[in-house]
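Participant: structure for this input, please:
(one chain, ligands or ions: 2)
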Amino acid sequence: MAKKSELPFSSVFRLLQVLICLSILSTFVTAQDGVTAEDGLLVNGNFEKEGIENRTSRAGDIDSLPGWNIDGMVEYINEGQKQGSMYLVVPEGKHAVRLGNEAQISQQINIQKGSTYSLTFSAARTCAQLESLNVSVPPSTRNVDLQTLYSIYGWDTYAWAFQAQSENVEVIFQNPGMEEDPTCGPILDAIALKQISTPDKLRDNAVINGDFEEGPWMFANETLGVLLPTNLDVATSSLPGWIMESSKAVRYIDSNHYKVPEGKRAIELLSGKEGIISQMVETDPGNKYTMSFLLGQAGDGCQEPMAVMAFAGDQADSFHFNNPPANGIYEPNNVTFTAKAARTRIAFYSLYYNTRVRDRSSLCGPVIDLVKVVDLSKSGTVAGFSGFSVSLLLLVSVLTMAFTLGSL
Ligand SMILES: [Ca+2]
Ligand SMILES: [Ca+2]
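Facilitator: Ligands and ions are numbered 1, 2, ... in the order given. Modelled structure (predicted):
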């Protein structure tokens with residue numbers, strides 16, 4: 001009898017073993033094919049993988065880099081490393097890489113074809129004023145100008161978005177320069193990827209992503225925010241819905257390190273008129289609208305006065321940030337306009353060219369958040385409907401209570 005009861009159990013056990021083996025095997029096969037990249041750091045995207053020092057071929061430059069293919073003179077930079085009397089910048093952790101003349105590093109990643117992705121990366125220039133960094137995911141490519149230093153730390157974090165043309169793509173960072181001094185070249189660190197999804201348009205707000213909660217990857221320790229350079233194509237924007245139509249970048253900030261009027265993310269406008277963000281919103285010609293927004297300060301010691309220019313259709317107005325406003329962080333403002341077309345441009349830029357009080361060189365400026373464009377002819381209906389809903393709810397509650405009391 002005992003043998004009879006053991007037999008089914010051992011069979012089940014054997015079956016389970018087989019299933020587990022198959023499961024492990026299928027995981028292994030999938031891994032061999034390459035797994036789809038998840039949001040966050042690329043493989044060794046911060047260049048902190050150990051054991052690299054032993055693989056240097058000449059002083060500093062390396063012939064291999066875990067997770068990356070390298071081409072040309074790629075140098076491994078250690079924290080505290082000096083060049084002459086100057087300390088080289090390591091944006092994150094203890095290591096970064098420097099790309100020599102026309103040198104590049106690249107990595108293959110699997111992503112979803114057709115989706116928009118944003119790369120976040122930190123970069124610093126070393127010697128040349130005109131240093132730049134070319135970031136590409138063929139056929140998309142972008143040259144990021146490192147000439148303007150936005151922070152006094154000598155490095156900045158940037159975001160660049162692209163649309164996936166296939167499921168397996170190559171991410172390439174290249175130094176396009178040809179300097180006389182071969183030890184010059186941009187320093188690169190902390191590279192992450194994020195799939196960008198465009199939030200749905202709300203029923204009572206024509207602005208897409210007006211609260212700025214959807215945007216590029218930000219590291220938890222991203223103290224400098226993320227710069228969004230010029231980008232005129234809304235389909236490949238790191239900040240869905242919005243375009244950066246100016247020559248300079250705007251800064252994407254988070255509530256972990258800055259004062260943010262609403263939610264966890266907002267935009268800090270930099271560089272005066274050189275930093276404009278805008279959106280084309282859907283409107284009904286002839287209807288009257290209100291564009292409202294929250295104007296604040298990032299809490300980063302920015303020299304006052306701070307003000308924005310806000311545009312909505314053919315209307316424009318300047319708004320000064322009066323410190324301290326009633327709630328200490330932000331104040332609401334609005335612009336009223338009549339739509340002339342099926343699409344209306346809204347835009348913002350900083351009225352002044354602000355820097356931080358402490359160093360007089362780190363760029364900063366006013367913060368905007370929670371941008372709404374409301375059709376005034378329809379908003380009455382919405383309010384009326386919600387008023388009616390509340391009344392109905394109250395009536396049901398009273399009737400329920402009366403019924404309960406009656407049944408007692
Ligand atoms: Ca690093
Ligand atoms: Ca927000």
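Participant: just give the nearest non-adjacent residue to the closest residue to ligand 1 within the stretch 51-200 of the chain, would you?
Facilitator: The minimum distance from the stretch 51-200 of the chain to ligand 1, using CB to the ion, falls at residue 93 (3.6 Å). Quick note: C-beta positions are derived from backbone N, CA and C, even for glycine. Closest residue to residue 93 apart from its sequence neighbours, by CB to CB, 6 or more residues apart in numbering: residue 48 at 4.7 Å.
Participant: the strands in the stretch 1-150 of the chain, which residues?
Facilitator: 40-41, 61-62, 69-71, 74-78, 82-83, 86-87, 95-99, 104-110, 116-124, 132-137, 140-145 (DSSP state E, counting those that start in this stretch).
Participant: quick one: closest of the ones you listed to residue 203.
Facilitator: Across those, residue 203 has its closest neighbour in strand 116-124 (24.3 Å, CB to CB).
Participant: so what strands line up beside that closest one?
Facilitator: Here strand 116-124 has these sheet partners by DSSP bridges: strand 156-163 (antiparallel), strand 187-196 (antiparallel).
Participant: hang on, isn't the residue nearest to residue 93 packed against residue 94?
Facilitator: Yes. Counting by CB atoms under 8 Å, residue 48 touches residue 94, with 6.6 Å between them.
Participant: and those two? Which one has more around it.
Facilitator: For residue 48 versus residue 94, the count of surrounding residues by other CB atoms under 10 Å is larger for residue 48: 16 against 12.
Participant: so residue 106 versus residue 178, what's the distance?
Facilitator: 20 Å (CB to CB, to the nearest Å).
Participant: when these two are compared, which one has more neighbours?
Facilitator: residue 106 (15 against 8).
Participant: look up which residues are beta-bridged to the more buried one.
Facilitator: Bridge pairing for residue 106 - DSSP bridges - gives residue 69, residue 172.
Participant: that one contacts residue 169, doesn't it?
Facilitator: No. Using CB under 8 Å, residue 106 is not in contact with residue 169, being 10.2 Å away.
Participant: now the strands paired with strand 116-124 as CSV including mean neighbour count?
Facilitator: Listed next are these as CSV, based on neighbours: other CB atoms under 10 Å:
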stretch, mean neighbour count
strand 156-163, 24
strand 187-196, 23
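Participant: is any residue of stretch 295-315 near ligand 2?
Facilitator: No. Shown here: stretch 295-315 not in contact with ligand 2 (CB under 5 Å from the ion), separated by at least 10.2 Å.
Participant: could you export that stretch as PDB, CA atoms only?
Facilitator: Only the C-alpha atoms of stretch 295-315 are listed here, as PDB (Å, rounded to 0.1, in the frame of the first residue of the first chain):
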ATOM      1  CA  LEU A 295       4.300  80.000 -10.800                       C
ATOM      2  CA  GLY A 296       6.900  79.100  -8.200                       C
ATOM      3  CA  GLN A 297      10.600  79.100  -7.200                       C
ATOM      4  CA  ALA A 298      12.700  76.000  -7.000                       C
ATOM      5  CA  GLY A 299      14.200  76.700  -3.600                       C
ATOM      6  CA  ASP A 300      17.700  76.600  -5.200                       C
ATOM      7  CA  GLY A 301      18.800  80.000  -4.000                       C
ATOM      8  CA  CYS A 302      18.000  81.800  -7.200                       C
ATOM      9  CA  GLN A 303      18.700  85.500  -7.300                       C
ATOM     10  CA  GLU A 304      15.400  87.500  -7.600                       C
ATOM     11  CA  PRO A 305      13.500  89.100  -9.300                       C
ATOM     12  CA  MET A 306      11.900  86.100 -11.000                       C
ATOM     13  CA  ALA A 307       9.200  86.300 -13.600                       C
ATOM     14  CA  VAL A 308       7.700  84.500 -16.600                       C
ATOM     15  CA  MET A 309       6.300  85.600 -19.900                       C
ATOM     16  CA  ALA A 310       3.200  83.500 -20.600                       C
ATOM     17  CA  PHE A 311       1.700  83.200 -24.100                       C
ATOM     18  CA  ALA A 312      -1.700  81.900 -25.000                       C
ATOM     19  CA  GLY A 313      -2.800  82.400 -28.600                       C
ATOM     20  CA  ASP A 314      -2.600  86.100 -29.400                       C
ATOM     21  CA  GLN A 315      -2.400  87.100 -25.700                       C
END
